[in-house]
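Q: Provided below are the primary sequence and the corresponding predicted coordinates.
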Amino acid sequence: MKLLNFFVAASLFTFVVACAPEENEKNARLQVWLTDGPGDYQEVNIDIQGVDVHSSENDNEKGWASIDVNHGVYNLLELTNGLDTLLGEIEIPPGKISQIRLKLGDDNTIKVGDEVFHINTPSGQQSGLKLQVHETLVEGISYKILLDFDVARSVIKTGSGQYTLKPVIRTISEAQNGAIKGVINPKEAKPAIYAINNNDTLATTYSDSTGHFLLRGLPPNTYNLVFDAGEDFQDVEKTDVKVHVGVVTDIETVEILEK
């Protein structure tokens, strides 16, 4: 069975967010996690084969996008009492997401009294169980969607002694971090930009061809920003820049002088 532990270390040597300007900085990051409420079984093993997300941008339909998930069988009873596991994540343009589609395989089993039984899964659930999610994604912010599987209500025992899966899943969405954006003047300076907290560099990036920059994936805290402009321009430092969860802090224009 799969149970994924997810750790993030935040220091100059172990965790530096550095993405190429004009590539994926304009996206949000979406993670889908799985958890479960306890049930009166020894094991409940669910075969997860895919996760899709339905999104729109500026009220224009973008349709379904597939998330690169860790396919396989998950014992839901290993994910109770605050434990959860990462199914997968995706970079996605900012905008609204409305649904998550969970695709199940047919290798679903339950263990009761030391005996393993197959769980019947309706074909409609294998093609995709649609879950309602209403969240607006902001560029540069990472979001977590938790699929809370209610085992006690999801596994039905029939009169013939068989088991059927009728998933009852609650979706919980939340922003995980914040970001800082701004614009460099003149754009030709193209400095390396560092977000520093307590002598640790939490993120680094460069301004793009228009002078804009985005430092993403920042835990809520207060940062000093260092703009290393190289040989022809003077370095700049901005202090006490505050970051809040789910918010992109705009420091507007950063003036960089020639040497």
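A: Received the coordinates, thanks.
Q: what strands flank whatever helix or strand E252 lives in, and is each parallel or antiparallel?
A: Using DSSP states H and E, the element containing E252 is strand 248-255. Taking DSSP bridges as the criterion, strand 248-255 forms sheet pairs with strand 178-185 (parallel).
Q: what does the strand it pairs with contact?
A: Strand 178-185 is contacted from outside by 139-141, 190-191, 195, 207, 210-220, 223, 225, 227, 241, 243-256, using C-beta atoms under 8 Å, 6 or more residues apart in numbering. Using the backbone N, CA and C atoms, a C-beta is placed for each residue, glycine as well.
Q: can you show me the CA trace of the strand holding E252 as PDB?
A: Only the C-alpha atoms of strand 248-255 are listed here, as PDB (Å, rounded to 0.1, in the frame of the first residue of the first chain):
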ATOM      1  CA  VAL A 248       0.400  38.000  -3.600                       C
ATOM      2  CA  THR A 249       2.100  41.000  -2.000                       C
ATOM      3  CA  ASP A 250       2.700  43.700  -4.600                       C
ATOM      4  CA  ILE A 251       5.800  45.900  -3.900                       C
ATOM      5  CA  GLU A 252       5.200  47.700  -7.200                       C
ATOM      6  CA  THR A 253       8.200  49.400  -8.800                       C
ATOM      7  CA  VAL A 254      11.800  48.800  -7.700                       C
ATOM      8  CA  GLU A 255      14.100  51.500  -8.900                       C
END
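Q: can you list the buried residues in it?
A: For strand 248-255, burial by neighbour count (16 or more other C-beta atoms under 10 Å) applies to V248, T249, V254.
Q: with respect to T85, which of those residues is nearest?
A: Nearest to T85, judged by C-beta to C-beta, of those is V248 at 28.7 Å.
Q: if I look at that closest one, how far off is G140?
A: 5 Å (C-beta to C-beta, to the nearest Å).
Q: what sits in contact with each of those two?
A: A179, K181, L214.
Q: chain neighbours aside, what residue packs nearest to the second one?
A: Looking back up the chat, that one is K181. Of all residues not flanking K181 in the chain, L214 sits nearest, at 4.6 Å (C-beta to C-beta, 6 or more residues apart in numbering).
Q: hang on, that neighbour packs against P94?
A: No. In this structure L214 lies outside contact range of P94 using C-beta atoms under 8 Å: 11.4 Å.
Q: following element in sequence after the least confident helix or strand in the chain by mean pLDDT, please.
A: One helix or strand of the chain scores below all others by mean pLDDT, DSSP states H and E: helix 123-127, with a mean of 63. Once helix 123-127 ends, the next helix or strand along the chain (criterion: DSSP H and E) is strand 129-137.
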